[in-house]
Each structure stands twice: as structure tokens, then as C-alpha cells.
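J.: Below are the sequence and a predicted model; questions follow.
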Amino acid sequence: MDITEKVGRLAIRILTSGVIPKKAATNAAHIAIATVHGMEYLMTWNCVHLANAIITKAVARICRQEGFECPIICTPEELLGE
């Protein structure tokens, strides 16, 4: 996946919102890359900054405000449904 100008703008928007702390900028980039490129799911074990119900709701709102649909952010266990 390419890191395009749209990806950079969305990642910055997520970081400046304060939803994801600046020290976790890589996580904001992962969300932005998956979102801009239309991924359906973003699977992660990171439950602090990514697979966290409060954060995912806020990130999804930001993505919608920027004209994108945020992927479902989940753990591997959630995706497998076992």
C-alpha cells in the first residue's frame, strides 16, 4: 500500500484530534493507510491504541468527516469469531 498525500493528511488529522497520542504516530499511519486504501478490516493485537472501543468510535468519526469509511479495527480473535 502506498503512503499517499491523502494517507498523510488523514494520519495527521487523527493525531491532531488527540484520539491517538503523538507517541503512537505509527498506529495513526496504519489506520490512515488501511482507510484510504479501502481495507475492510485492520487486524491488530494493540488494544491500547487501536482495538479499543472508545478509540475506534472516535477514529471512525474522524474518517467519516474526512470522507472515508474506517475499516473495522479488531483483534485476530474477534475476526475469527471463535
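T.: It's in. Residues are numbered from 1 along each chain as shown.
J.: what about the helices in this structure?
T.: Using DSSP state H, the helices of the chain run over 5-17, 25-36, 53-65, 76-80.
J.: I'd like these written out as TSV, with mean pLDDT and distance to L42 added.
T.: All C-beta spots, glycine's among them, are computed from the backbone N, C-alpha and C. Output for the helices of the chain, formatted as TSV (pLDDT from 0 to 100; distance: least, Cβ to Cβ, whole Å):
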stretch	mean pLDDT	distance to L42
helix 5-17	97	13
helix 25-36	96	4
helix 53-65	96	9
helix 76-80	86	10
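J.: In contact with the residue nearest the centre of the chain, which residues?
T.: The chain has I31 as the residue nearest its centroid, 2.6 Å off, counting by Cα atoms, centre = their mean. Contact analysis of I31 by Cβ atoms under 8 Å, 6 or more residues apart in numbering lists 10-11, 14, 20, 42, 50, 59, 63, 70-71, 73.
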